[in-house]
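Asks: Model the structure of this input:
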Amino acid sequence: METLSNEIEFVKNQVFSTGKVISLNIDGITHEESMIFPNGEANCMNWIFGHLIYIRNFFLNTLGEEPVWDSEKFSFYNRGEIALDRKDEFISFEELKSYFNQSQDRLETRLNNLDRFNPENSKDISTFCLHEIYHSGQLGYLRRILGKPGAIK
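Replies: Numbering: from 1, shown residues only. Next comes the predicted model:
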């Protein structure tokens, strides 16, 4: 049983830490700035942030929690979508922040109330953590590309 609680503590720390990094990296970014595609083609901050939330919904589902939005309605943030082709469908950055905060609250609450993970989900859960780390770093680079000071000191 000790291993399982350590596993939950590890994931709780990952979710809390990446949540903090993401929040710092998006702080002070306007919707207009979030829609800038570096080099005219690299994914903009709006898409990366929306994509992160999109995948978080599957993380929530895996933990037995309700998603914060309907994945079909927000399919333009799905993996494999060409962000530049679907940019007219993106929602406001402020709305994304609200969905992110809801997802963070749900993840933390769920993790604080779990006794153990379903062993079949361990690989998925670790992949979700990696996904968060990967995209939180991208948001940090995009922040700098937008001319903002680095948020992680």
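
Asks: and the residue sitting nearest the centre point of the chain, which of the three is it?
Replies: Per CA atoms, centre = their mean, the C-alpha nearest to the average position across the chain is that of L52, at 3.1 Å. What DSSP: H, G, I helix; E, B strand; the rest coil gives for L52 is helix.

Asks: Contacts only, for it.
Replies: I22, F100, H131, E132, H135, S136 (CB atoms under 8 Å, 6 or more residues apart in numbering). No exception for glycine: its C-beta is placed from N, CA and C like everyone else's.

Asks: Could you report the separation of it from D70?
Replies: From L52 over to D70 the distance is 17 Å, taken as CB to CB, to the nearest Å.

Asks: which residues of the chain score low on pLDDT?
Replies: Scanning the chain for pLDDT under 70 picks out the ranges 1-4.

Asks: That one: helices as residue ranges?
Replies: 2-26, 31-34, 45-62, 83-86, 93-112, 122-145 (DSSP state H).
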